[in-house]
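Asks: Below: sequence and its predicted model.
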Amino acid sequence: MKRPIAIAPGVHFWPGYLDMPAQLALVTEVFRLAQQAPFYHATMPRTGHPLSVGMTNFGPLGWYSDRFGGYRYEANHPVLGTPWPDIPTPLLNIWSDTTGYPAPPEACKTLMHLWFQFRWAIVRSSGSALHGGAQQRGH
């Protein structure tokens with residue numbers, strides 16, 4: 001396994017952690033799961049203005065925001081009302097390999113930017129624990 005580079009207290013950069021085939025497999029799995037929990041647009045508290053990114057979530061909880069309830073975690077997809085799909089195994093493996101945290105993540109927020117840039121964040125309810133991403137730009 002590659003060794004991390006400490007870039008700030010508690011923050012490590014893992015260059016080359018996932019090779020290109022592993023990145024493509026992960027992106028494929030995320031989009032497969034997104035068919036069960038499609039990308040949606042949350043809205044800003046108070047104003048109801050839609051956020052510029054589409055998002056979906058994996059795991060027991062998903063991040064959500066709307067005009068009246070503000071920012072929060074929810075157990076179900078806001079449009080479908082169904083539970084979020086499980087966090088993909090490759091992301092759980094990254095979590096266990098890199099964080100040293102004994103409990104699994106409770107949420108995995110996945111964002112789709114308008115220019116097809118893909119990112120994910122794995123978090124505990126108490127705060128962010130790991131961020132990562134694979135970027136894929138399209139025209």
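Replies: On my side now, so go ahead. All figures in this text were calculated on a predicted structure; none of them were measured in a lab. Residues are numbered from 1 along each chain as shown.
Asks: shaky segments in this structure?
Replies: 1, 114-139 (pLDDT under 70).
Asks: can you tell me which helix in it is longest?
Replies: The longest helix of the chain (DSSP state H) is helix 20-34.
Asks: Against which helices or strands is that helix packed?
Replies: strand 54-58, helix 89-98, strand 118-124, strand 127-134 (3 or more Cβ pairs under 8 Å, 6 or more residues apart in numbering; DSSP states H and E). C-betas here are computed from N, CA, C, even on glycine.
Asks: What helices and strands are in contact with the shortest one?
Replies: It refers to strand 54-58. Going by 3+ Cβ pairs under 8 Å, 6+ apart, strand 54-58 lies up against helix 20-34, strand 62-66, strand 107-112.
Asks: In stretch 3-19, which of the residues would be classed as buried?
Replies: Trp14, Tyr17, Leu18 (16 or more other Cβ atoms under 10 Å).
Asks: and the residues you listed as TSV, adding secondary structure and distance to Gly81?
Replies: Listed next are those as TSV, based on DSSP: H, G, I helix; E, B strand; the rest coil; distance: Cβ to Cβ, whole Å:
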residue	secondary structure	distance to Gly81
Trp14	coil	37
Tyr17	coil	36
Leu18	coil	33
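Asks: ok now stretch 74-88, how far from the chain's centre?
Replies: On the basis of Cα atoms, centre = their mean, to the nearest Å, the separation between the geometric centre of stretch 74-88 and that of its chain is 13 Å.
Asks: go on, stretch 92-100?
Replies: That offset, for stretch 92-100, works out to 14 Å (Cα atoms, centre = their mean).
Asks: Bridge partners for Tyr73, pull those for me.
Replies: Counting by DSSP bridges, Tyr73 forms beta bridges with Trp63.
Asks: neighbours around it, how many?
Replies: Counted with other Cβ atoms under 10 Å, the neighbours of Tyr73 add up to 16.
Asks: What distance do you get for it to Gly10?
Replies: According to Cβ to Cβ, to the nearest Å, Tyr73 and Gly10 sit 22 Å apart.
Asks: any chance of the helices and strands packed on strand 54-58 in JSON lines, with mean neighbour count and distance to Met44 too?
Replies: Compiled in JSON lines, those are given as follows (neighbours: other Cβ atoms under 10 Å; distance: least, Cβ to Cβ, whole Å):
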{"stretch": "helix 20-34", "mean neighbour count": "15", "distance to Met44": "23"}
{"stretch": "strand 62-66", "mean neighbour count": "19", "distance to Met44": "7"}
{"stretch": "strand 107-112", "mean neighbour count": "22", "distance to Met44": "15"}
